[in-house]
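Peer 1: predicted coordinates and the sequence they were generated for:
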Amino acid sequence: MTNESKVDFLDVSQIREDFPVLKRELKPGVPLVYLDSTATSQKPSSVLLVMDDFYRRYNANIHRGIHTLAEEATAQYESARDRIAKFIGSPSASQIIFTRNTTESINLIAYSWGRTFLQNGDTIILTEMEHHSNLVPWHMLAAERNLRLEFIPVGEDGLLDLRIYKNLLDLRPKLVSFTHMSNVLGTINPAREIIQLAHEAGAIALLDGAQSVPHFSVNVQDLDVDFLAFSGHKMCGPSGIGVLYGRKNLLQSMPPFLGGGDMIKKVHLRSFAPNELPYKFEAGTPAIAEAIGLGAAVEYLERLGMKAIARHEQSIINYALERLEEVPGLRIFGPTNGDRGGVASFTLGGIHPHDISQILDTQGIAIRAGHHCAMPLHEKFNLTATARASFYLYNTSEEVDHLVTSLYKVIEVFGL
């Protein structure tokens, strides 16, 4: 691997050598073209090797033993936490909570902060482009606590209507929770502005960074965000590990999310005292190998440089949008001007997205088809489903060309 972190350029041909799965042929002569990184990214060898090394050489539980293996496992686990803290600009590693994924991180906030501080009639502001993970927990809490949910509308251009958002802030919401980047539209929302306006209205801000943290630099101090949630498996790391960053005073004010081992300081038959941060939110044996793997993934991304990754993805999505426009009957959703993430959701005539995906699969192309866990957004555009091609640091313009050529095959099969 060449060190590209010093320049704004990725040697993608070299990067692809780091990902074993990209060498796969789905059938003889049909190489894999992986265009589903928004759902989950592929993993470089460095991540696979460090997790294998844990299980082979020093597999042990953490924070409990004083033998060599336990101390080595604990050191590597906490080293991963330190690296992740620096990666997102957290003032302290103690503000990094390991969870299973973005979904669990948001649920932690809903159950712990929400149940503690939200009362009958309080307002939460969300957006119409949210992933179900940032909708359903608030629906559940709203039903329990009689909360009011309001939504920032999405325009036909795929952008949030901030004028209406400012009007909604007159309701004096307690929480504004929104996605940094839409997993359907590719819209990159103006997070700093939305957060600042939330704070001016007396609300705290929760940012869903599942689609942003893997793709461009996200700094919690620059954004002045109160909570940030993201997942390891979307950023070259393993599944089963996610992160919640929180402002320290908020985390300290919140009760534990789950009870059990390691989240306690003392336990008596009739009482207990919770552990200090971050451990009071990490009950039981955690995903040790996965945390170590996520630390290795962050190291890999840092070595490439997030600026270079973002520039490459911008180039790829711009080229993809240009080529996809050539396909007759194809409609792309999301912003057409300015920066957008590496996501292209589309429809093609009256062909069901599942059929599009199935035919593309015969050409070795992996895309996603469905509502992408964003049913309300699809309803907004009167859609039941879309096809979605998504791009990451290992994708090439040649793969975009293959996608476009294969879409013509789809048209041919359906006689359009």
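Peer 2: Now that the structure is in, tell me what you want to look at.
Peer 1: quick one: buried residues of whatever helix or strand Ala389 lives in?
Peer 2: Assigned by DSSP states H and E, Ala389 belongs to strand 386-390. For strand 386-390, burial by neighbour count (16 or more other C-beta atoms under 10 Å) applies to Thr386, Ala387, Arg388, Ala389, Ser390. (Glycine included, C-beta is placed from N, CA and C.)
Peer 1: can you check the pLDDT for the first one?
Peer 2: Meaning Thr386. Looking at Thr386, its pLDDT stands at 98.
Peer 1: give the contact list for it.
Peer 2: The neighbourhood of Thr386, defined by C-beta atoms under 8 Å, 6 or more residues apart in numbering, consists of Val184, Phe333, Ser345, Phe346, Thr347, Pro353, Ala369, Gly370, His371, His372, His378.
Peer 1: which residues does the closest residue to Leu258 other than its chain neighbours contact?
Peer 2: Using C-beta to C-beta, 6 or more residues apart in numbering and skipping residues adjacent in sequence, the residue nearest Leu258 is Ala283, 3.9 Å away. Counting by C-beta under 8 Å, 6+ apart, Ala283 makes contact with Pro256, Phe257, Leu258, Gly259, Gly260, Gly261, Asp262, Met263.
Peer 1: the last one - nearest residue in space that isn't next to it in sequence?
Peer 2: It stands for Met263. Closest residue in space to Met263, ignoring its immediate chain neighbours: Ala283 at 4.3 Å, by C-beta to C-beta, 6+ apart.
Peer 1: on that earlier part again, against Pro256, how distant is the residue nearest to Leu258?
Peer 2: 7 Å (C-beta to C-beta, to the nearest Å).
Peer 1: now stretch 250-260: buried residues?
Peer 2: In terms of neighbour count (16+ other C-beta under 10 Å), stretch 250-260 has its buried residues at Leu250, Leu251, Met254, Pro256, Phe257.
Peer 1: could you list which of these belong to helices?
Peer 2: Leu250, Leu251 (DSSP state H).
Peer 1: tell me the one of the buried residues of stretch 250-260 nearest Asn167?
Peer 2: Nearest to Asn167, judged by C-beta to C-beta, of the buried residues of stretch 250-260 is Leu250 at 26.6 Å.
Peer 1: the strands in the stretch 101-250 of the chain, which residues?
Peer 2: 123-127, 148-152, 175-179, 204-208, 227-231, 242-246 (DSSP state E, counting those that start in this stretch).
Peer 1: closest to Ile66 out of those?
Peer 2: If you check each of the strands of the stretch 101-250 of the chain against Ile66 by C-beta to C-beta, strand 242-246 wins as the nearest, at 27.8 Å.
Peer 1: in the chain, where is pLDDT below threshold?
Peer 2: Residue ranges of the chain with pLDDT under 70: 1-8, 338.
Peer 1: could you chop this structure up by domain?
Peer 2: 12-31+305-414, 48-302 (automatic domain parsing).
Peer 1: for the ones you listed, give me a markdown table that also has distance to Gln42.
Peer 2: Below are those laid out as a markdown table (distance: least, C-beta to C-beta, whole Å):
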| stretch | distance to Gln42 |
| --- | --- |
| domain 12-31+305-414 | 5 |
| domain 48-302 | 7 |
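Peer 1: the inter-axis angle of the helix or strand where Tyr408 lies versus strand 386-390?
Peer 2: Using DSSP H and E, Tyr408 falls within helix 397-414. Orientation check (axes from the mean of the first three to the mean of the last three C-alpha atoms, to 10 degrees): helix 397-414 against strand 386-390 gives 160 degrees.
Peer 1: what lies in contact with helix 397-414?
Peer 2: 33, 35, 316, 319-320, 323-324, 326-330, 348-349, 351, 355-356, 359-360, 363-365, 367, 389.
Peer 1: pull the number of nearby residues for Gln221.
Peer 2: Per other C-beta atoms under 10 Å, the neighbour tally for Gln221 reads 10.
Peer 1: find the residue closest to the residue nearest in space to the middle of the chain in space, skipping its chain neighbours.
Peer 2: Among the residues of the chain, the one closest to the centroid is Ala210, at 1.3 Å (C-alpha atoms, centre = their mean). Nearest residue to Ala210, sequence neighbours excluded (C-beta to C-beta, 6+ apart): Thr102, at 4.3 Å.
Peer 1: centre of the chain versus the one helix or strand Ser315 maps to, how much separation?
Peer 2: Using DSSP H and E, Ser315 falls within helix 306-324. Distance of helix 306-324 from the chain centroid (C-alpha atoms, centre = their mean, to the nearest Å) equals 18 Å.
Peer 1: got the CA positions of that helix in PDB?
Peer 2: Below are the C-alpha coordinates for helix 306-324, written out as PDB (Å, rounded to 0.1, in the frame of the first residue of the first chain):
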ATOM      1  CA  MET A 306     -10.300  11.100   4.300                       C
ATOM      2  CA  LYS A 307      -9.800  14.100   2.000                       C
ATOM      3  CA  ALA A 308      -8.500  11.800  -0.700                       C
ATOM      4  CA  ILE A 309     -11.400   9.400  -0.200                       C
ATOM      5  CA  ALA A 310     -14.000  12.100  -0.400                       C
ATOM      6  CA  ARG A 311     -12.400  13.500  -3.600                       C
ATOM      7  CA  HIS A 312     -12.400  10.100  -5.200                       C
ATOM      8  CA  GLU A 313     -16.000   9.400  -4.400                       C
ATOM      9  CA  GLN A 314     -17.100  12.800  -5.600                       C
ATOM     10  CA  SER A 315     -15.400  12.100  -8.900                       C
ATOM     11  CA  ILE A 316     -17.000   8.700  -9.200                       C
ATOM     12  CA  ILE A 317     -20.500   9.800  -8.400                       C
ATOM     13  CA  ASN A 318     -20.200  12.800 -10.800                       C
ATOM     14  CA  TYR A 319     -19.200  10.400 -13.500                       C
ATOM     15  CA  ALA A 320     -21.900   7.900 -12.600                       C
ATOM     16  CA  LEU A 321     -24.600  10.500 -12.700                       C
ATOM     17  CA  GLU A 322     -23.400  11.700 -16.100                       C
ATOM     18  CA  ARG A 323     -23.400   8.200 -17.500                       C
ATOM     19  CA  LEU A 324     -26.700   7.100 -16.000                       C
END
